[in-house]
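Enquirer: Predicted coordinates and the sequence they were generated for:
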Amino acid sequence: MEKSNTKRRVVELTRTFNEVWESLCGKTADLKTSADTPFTVRAKMARKKGSFTAEKVLAFMKNVGSGKLKECSRCYSEDWGYYFNHLGVQGQRIGMYLKALDR
C-alpha cells in the first residue's frame, strides 16, 4: 500500500541505492546525521514480512550500550529517495540516514 504524499517526501540524493548497497555489502559503517546523531548502517539481504524472496536492504542501527546495536529502521530499494520508508502504518523516518549515506 502506498503511503500518503505527506509521508513520501522526496530526499534529493546523488547516489543510487545500488551504489550505496554495493559499497557497503558485507560491511558496516559508522556515520552521523546532519544533527550529529551517530548511527551504524549495514547492507544485507533480508526477506520482507510474508515474502520468501530475499532483497537488498540497508539496516540502520543505534548503539544501545555495551557495544550492542539495535536495528531502528530499514531502507529497501523502493524507499530510496524518500524521507519515510514504507514500513508500518505511517512509515519510519529514514531521510536523515539517506542524506548521511549520500555524502
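Expert: Nice, thanks for sending it over.

Enquirer: just for the protein, where's the confidence low?
Expert: 1-7 (pLDDT under 70).

Enquirer: now the most centrally placed residue in the chain: how far from residue 67?
Expert: What sits nearest the mean C-alpha location of the chain, by Cα atoms, centre = their mean, is residue 75, with 3.3 Å. In this view, residue 75 and residue 67 are 24 Å apart by Cβ to Cβ, to the nearest Å. Quick note: C-beta positions are derived from backbone N, CA and C, even for glycine.

Enquirer: Same check on residue 93?
Expert: 25 Å.

Enquirer: of these two, who's got more company?
Expert: residue 93 (15 against 6; other Cβ atoms under 10 Å).

Enquirer: Now that one: closest residue in space, sequence neighbours ignored.
Expert: Of all residues beyond its chain neighbours, the one nearest residue 93 is residue 84 (5.9 Å), with distances taken as Cβ to Cβ, 6 or more residues apart in numbering.

Enquirer: same question, residue 87
Expert: Leaving aside its sequence neighbours, residue 87 sits nearest to residue 74 (Cβ to Cβ, 6+ apart; 6.6 Å).

Enquirer: Would you state the strands of the chain in chain order?
Expert: Counting by DSSP state E, the chain has strands at residues 28-32, 38-47, 54-63, 69-76.

Enquirer: who wins for proximity to residue 12 among these?
Expert: strand 69-76 (15.6 Å; Cβ to Cβ).

Enquirer: Pairing partners for the closest one, with directions?
Expert: Strand 69-76 sits in its sheet next to strand 54-63 (antiparallel), going by DSSP bridges.

Enquirer: one step back: burial of the residue nearest to residue 93, as a residue count?
Expert: A count of nearby residues for residue 84, using other Cβ under 10 Å, gives 21.

Enquirer: cool, and the one 10 residues further on?
Expert: Taking other Cβ under 10 Å as the neighbour definition, residue 94 ends up with a count of 23.
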